[in-house]
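K.L.:
sequence plus the predicted model coming up.
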Amino acid sequence: MSEVPYNIDKISREKKVVVHCRSGARSADIIRYLELRHDFDNLYNLEGGILAWSDQIDPTMPKY
């Protein structure tokens, strides 16, 4: 999270971008920050994060 403000120019504005974290809360916070402060409109949160992805989509995905 602390590195995002220094790397805004590396986030695409031209295509859909899925932001993820362990549980989905921090990625949702980052998306709100980017939408409010930098006018992004192409960001999507991986709801439930990697934990949910591993449980529901790909059980071989390691949980961290």
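P.N.:
Sure thing, it's come through. In this text, all values refer to a predicted model and were calculated from it rather than measured experimentally.

K.L.:
skipping its backbone neighbours, what lies nearest the most centrally placed residue in the chain in space?
P.N.:
The chain has Val19 as the residue nearest its centroid, 1.5 Å off, counting by CA atoms, centre = their mean. What sits nearest to Val19 in space, not counting adjacent residues and going by CB to CB, 6 or more residues apart in numbering, is Ser27, at 4.3 Å. For the C-beta atoms, the positions are set from N, CA and C on the backbone; glycine is no exception.

K.L.:
what sits against that neighbour?
P.N.:
Remark: with contacts taken as CB atoms under 8 Å, 6 or more residues apart in numbering, Ser27 is in contact with 19-21, 45-46, 49.

K.L.:
let me see the contact set for Ser23.
P.N.:
The neighbours of Ser23, taking CB under 8 Å, 6+ apart as the test, are 48-52.

K.L.:
so which pair among those is furthest apart in space?
P.N.:
The two members of those with the most space between them (CB to CB) are Gly48 and Ile50, at 8.5 Å.

K.L.:
neighbour count for the two, which is higher?
P.N.:
In terms of neighbours (other CB atoms under 10 Å), Ile50 is the more surrounded of Gly48 and Ile50; the figures are 19 against 16.

K.L.:
burial count for the closest residue in space to that one that isn't next to it in sequence?
P.N.:
The spatially closest residue to Ile50, leaving aside those adjacent along the chain, is Arg22, at 5.5 Å (CB to CB, 6+ apart). By other CB under 10 Å, 14 other residues sit near Arg22.
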